[in-house]
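> got a predicted structure here, sequence first:
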Amino acid sequence: MVASKTKAKTKKSAASDAASDAVMADVAVLDRPENGTETGAEKPVRDNGMSLPPAPTPEASLSRYLQDIRKYPMLPHEEEYMLAQAWREHDDRDAAHKMVTSHLRLVAKIAMGYRGYGLPVAELIAEGNIGLMQAVKRFEPERGFRLATYAMWWIRANIQEYILRSWSLVKIGTTAAQKKLFFKLRKLKGQIQAIDEGDMRPDQVEKIATALNVPEKDVVSMNRRLAAPDNSLNAPLRSEGEGEWQDWLVDESVDQETELAETEELSKRRALLMGAMENLNDRERHIITERRLTDDPKTLEQLSNEFDISRERVRQIEVRAFEKLQKNVRRQAVEQRLA
């Protein structure tokens, strides 16, 4: 009975989250092209008759976008609280719309702080706007915090995740410490005046590693990653002429033909050995196996105790068995025309 109630509650919660996501999608601040195609036109998104400013694009300058979002007033604490309650309790789209648009300037301000990573500011703002909408969706006004205080964490997290995904073809910043190192390294290098190109001095690496509580080798590795951007292996060697960088890569692995030939040769040798072993008696087979065909061969002393014979006798049996194996292997090779 308890399990059925828990399942029912989980299904109800999942349905509520799905409905909430659908409503937030309607309150989207970004301008999405229709049918998945890029039109380049500035079409303001409309929600219940209220137009939103188009997201900044190469056609619509950033300065114009910043002017448009200044038209939306900041919300007093009391009004923000009432709007948040209306959204949480009644799914009021107008309330959510007003909370989002009143904080677009916050997104733009935070996005401007990440311009040094070589990505278009328009894309950073777009990712920050998504984080803002997630914050509005989860905002709990009864905790006593303002929406801006709560939303800034979501905005930064979205922008930082986008930078980590887009900055390099090779995944970096997989742990919290590495992400912190990625976004703090440049600032700390400026503080200790380590602005020269190339590797930092050991004392500089030690200071940064201590400040961020990360291994020194991670600091050196991240500094090199930030100093040398990714290059495509298909990039031409010269501005004019044929040839790509990948042409200089040497494949040191064994080619398929050689690997197949070696495998077949090993299989034939194993078959000859197994056939020759059948011509030995049990004692000879055991001694030659323990002495020459195992990774951890036994000593003459161990085998002499096992068969209750002298060590010299064990050595003689081993030599005789090995001579028999050689003779039988040669005979089989001649018969099979392998020699």
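Yes, it's here.
> quick one, phi/psi of Asp92?
phi -70, psi 110 (degrees, to the nearest 10).
> quick one: it and Ala84 touch, right?
No. Applying C-beta atoms under 8 Å, one finds Asp92 not in contact with Ala84, separated by 9.8 Å. Glycine gets a C-beta too; all of them are placed from N, C-alpha and C.
> give me the element Asn223 is part of.
helix 216-227 (DSSP states H and E).
> who does that helix touch, helix- and strand-wise?
The contact analysis (3 or more C-beta pairs under 8 Å, 6 or more residues apart in numbering; DSSP states H and E) places helix 216-227 against helix 176-191, helix 202-212.
> which one of those helices has the poorest average confidence?
For the helices and strands packed on helix 216-227, mean pLDDT drops lowest on helix 176-191, to a mean of 71.
> ok, then the element right after the helix holding Asn223?
Tracing the chain C-terminally past helix 216-227 and defining elements by DSSP H and E, one meets helix 256-277 next.
> now the very next helix or strand once past that next one, how far from the centre of its chain.
Once the chain leaves helix 256-277, the next helix or strand it forms, by DSSP H and E, is helix 282-292. Centre-to-centre, helix 282-292 and its host chain are 53 Å apart (C-alpha atoms, centre = their mean, to the nearest Å).
> rewinding a little: show me which of Asp92 and Ala84 is the more surrounded one.
Ala84 (21 against 17; other C-beta atoms under 10 Å).
> wait, the more buried one sits on Phe139?
Yes. Ala84 lies in contact with Phe139 (C-beta under 8 Å); the separation is 5.5 Å.
> okay, angle between the helix holding Asn223 and helix 202-212 too, please.
Angle of helix 216-227 versus helix 202-212, following axes from the mean of the first three to the mean of the last three C-alpha atoms, to 10 degrees, is 100 degrees.
> okay, helix 216-227 in PDB with CA atoms only?
What follows is helix 216-227, C-alpha atoms only, in PDB (Å, rounded to 0.1, in the frame of the first residue of the first chain):
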ATOM      1  CA  GLU A 216      50.900  21.700  -9.400                       C
ATOM      2  CA  LYS A 217      50.800  19.400 -12.500                       C
ATOM      3  CA  ASP A 218      47.200  20.400 -13.100                       C
ATOM      4  CA  VAL A 219      48.100  24.000 -13.100                       C
ATOM      5  CA  VAL A 220      50.900  23.400 -15.600                       C
ATOM      6  CA  SER A 221      48.600  21.300 -17.800                       C
ATOM      7  CA  MET A 222      45.800  23.800 -17.800                       C
ATOM      8  CA  ASN A 223      48.100  26.700 -18.500                       C
ATOM      9  CA  ARG A 224      49.400  24.900 -21.600                       C
ATOM     10  CA  ARG A 225      45.900  24.100 -22.700                       C
ATOM     11  CA  LEU A 226      44.800  27.700 -22.400                       C
ATOM     12  CA  ALA A 227      47.900  29.000 -24.200                       C
END
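> how about low-confidence regions in the stretch 151-300 of the chain?
168-175, 177-178, 191, 193-198, 225-234, 237-242, 245 (pLDDT under 70).
> would you map the strands across the stretch 51-200 of the chain?
Counting by DSSP state E, counting those that start in this stretch, the stretch 51-200 of the chain has no strands to list.
> residues touching Asp92, list them.
Each residue near Asp92 by C-beta atoms under 8 Å, 6 or more residues apart in numbering is listed here: Leu83, Ala86.
> any idea how far Gln134 is from it?
Remark: distance between Asp92 and Gln134 (C-beta to C-beta, to the nearest Å) = 18 Å.
> next one: Asp247
Counting by C-beta to C-beta, the gap from Asp247 to Gln134 is 46 Å.
> closest to Gln67 out of the helices and strands packed on helix 216-227?
Checking the helices and strands packed on helix 216-227 against Gln67 by C-beta to C-beta gives helix 176-191 as the closest, at 29.2 Å.
> show me what that closest one is packed up against.
helix 147-167, helix 202-212, helix 216-227.
> mutual contacts of Ala84 and Phe139, please.
Contacts common to Ala84 and Phe139, judged by C-beta under 8 Å, 6+ apart, are Met99, Leu147.
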